[in-house]
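In: take a look and give me a structure for this.
(one chain, ligands or ions: 2)
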Amino acid sequence: MKLLVKAPAKINLSLDVLGKREDGYHEVEMIMTTIDLADRLELTLLDKDEIKIVSHNRFVPDDHRNLAYQAAHLLKHRFNVKQGVSIAIEKVIPVAAGLAGGSSDAAAALRGLNKLWQLGLTIDELAEIGAEIGSDVSFCVYGGTALATGRGELIQALPAPPTCWVILAKPFIGVSTAEVYRRLNLQGIEHPQTLGMMKAIENQSYSEVCAHMSNVLESVTLKMHPEVNQIKEQMQRFGADAVLMSGSGPTVFGLAQHDSRMHRIYNGLRGFCDQVFAVRLLGEQHKLD
Ligand SMILES: C[C@@](CO)(OP(=O)(O)O)[C@H](O)COP(=O)(O)OP(=O)(O)OC[C@H]1O[C@@H](n2ccc(N)nc2=O)[C@H](O)[C@@H]1O
Ligand SMILES: Nc1ncnc2c1ncn2[C@@H]1O[C@H](COP(=O)(O)OP(=O)(O)O)[C@@H](O)[C@H]1O
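Out: Ligands and ions are numbered 1, 2, ... in the order given. The predicted structure is shown next:
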């Protein structure tokens, strides 16, 4: 038996860090939303009692380091599943990009294996299990738009932001999330107005969403990789209404409402970056798969 599952990427419309916790993680406040850029996972039941990862992307591990493997392993052992599974990952989301590709693959594996292995877990139970794999996995289990707090695993659903295009550009560098958090200096950072962003979304005000886009991790990544700032400037020059780095970076995204503007930014950026995409927001929390 086979099952196809989609694993969409996320962007952070705002990202605030409130402080460092005793467990080493940081307390965050983030507005996250899924976009129409997705990996595809093909799950196939195996008679043999094993978890197999198939991936043709050289940046994606095909063993226990793969987050989708970790999702399968967790479910298998916690619920004493005897069947094995092969997980083939067709990678579309750039790796180590601030777009939660690995986390979304893990979330898709959780949702898919819940069906394939007939575990009968609720979406909330899957999100709780996801938090054991990584801070962003819970959000990815639900998808849509949400406020994420705690270390990122506490999720409160929000309405869909106003419709627009998202143009993404990833320079040819990878960024380590752990290193970015480690280098963050909490003194003197300018905090985003998370509440303002939530109100902008509730009011369906595109201009207010643009005005409230802010990410405190930019202060670290832009210093380490000046090319990220250059991409931000290019996007602004080509007419994006607002521009921000997603997560710990290095991917930069810009928003645009009109098709013509989207084409101008997309074509303009292709000369500067190896990976450029123009996609729609997926919107509200919805039933993935
Ligand atoms: C920055 C964000 C924003 O959405 O995304 P990405 O840029 O990775 O996509 C997330 O906070 C990343 O979440 P995720 O990538 O799942 O992080 P984890 O695997 O849980 O943690 C990786 C490392 O980042 C640091 N970390 C992560 C989350 C957090 N709230 N505080 C932290 O200090 C810790 O050092 C941890 O060891
Ligand atoms: N399924 C997966 N897809 C991509 N990367 C993965 C996956 N599983 C584990 N990884 C590892 O996780 C690291 C971070 O990947 P990714 O989730 O794409 O980045 P980010 O957390 O910045 O959004 C990669 O360098 C890779 O080694």
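In: give the helix, strand or coil label for the closest residue to ligand 2 within the chain.
Out: Here the chain gets closest to ligand 2 at one residue, residue 102, 2.8 Å apart by C-beta to the nearest ligand atom. Backbone N, C-alpha and C define where each C-beta goes, glycine included. Reduced to three states with DSSP: H, G, I helix; E, B strand; the rest coil, the structure at residue 102 is helix.
In: flag every residue of this structure that's near ligand 1.
Out: Residues of the chain lying close to ligand 1 by C-beta under 6 Å from any ligand atom are 12, 15, 25-26, 28, 30, 98, 100, 103, 134-136, 151-152, 177-178, 181, 247-248.
In: just the buried ones among those, please.
Out: Taking 16 or more other C-beta atoms under 10 Å as the criterion, what is buried in those is 12, 15, 26, 28, 30, 98, 100, 103, 134-136, 151-152, 177, 181, 247-248.
In: among those, name the ones in strands.
Out: Among those, the members found in strands (DSSP state E) are 12, 15, 26, 28, 30.
In: tabulate the residues you listed in CSV, adding columns for pLDDT.
Out: Conversion of these to CSV gives the following (pLDDT from 0 to 100):
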residue, pLDDT
12, 98
15, 98
26, 98
28, 98
30, 98
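In: for these, which one is nearest residue 88?
Out: Set against residue 88, the nearest of these by C-beta to C-beta is residue 12 (28.6 Å).
In: that closest one contacts residue 246, doesn't it?
Out: Yes: when contacts are counted by C-beta atoms under 8 Å, residue 12 is listed as touching residue 246 (5.5 Å).
In: what sits in contact with each of these two?
Out: 98, 215 (C-beta atoms under 8 Å, 6 or more residues apart in numbering).
In: pLDDT (mean, whole number) over the helix or strand hosting residue 73?
Out: Counting by DSSP states H and E, the element that carries residue 73 is helix 67-78. Mean pLDDT, helix 67-78: 98.
In: helix or strand right after that helix?
Out: As assigned by DSSP H and E, the chain's next helix or strand after helix 67-78 is strand 84-90.
In: show me what that next one is packed against.
Out: strand 26-46, strand 51-55, helix 67-78, helix 101-116 (3 or more C-beta pairs under 8 Å, 6 or more residues apart in numbering; DSSP states H and E).
In: now for these, which one comes closest to residue 282?
Out: strand 26-46 (4.3 Å).
In: do that closest one and ligand 2 meet?
Out: No: judged by C-beta under 6 Å from any ligand atom, strand 26-46 and ligand 2 are separated, with a smallest distance of 7.2 Å.
In: please apply the same query to stretch 48-57.
Out: No: using C-beta under 6 Å from any ligand atom, stretch 48-57 never reaches ligand 2; the gap is at least 7.3 Å.
In: start to end distance for that stretch?
Out: 25 Å (C-alpha to C-alpha, to the nearest Å).
In: same question for stretch 47-60.
Out: Stretch 47-60: ends 25 Å apart by C-alpha to C-alpha.
In: what of stretch 151-171?
Out: 27 Å.
In: close to ligand 2, is it?
Out: No: judged by C-beta under 6 Å from any ligand atom, stretch 151-171 stays clear of ligand 2, getting no closer than 10.2 Å.
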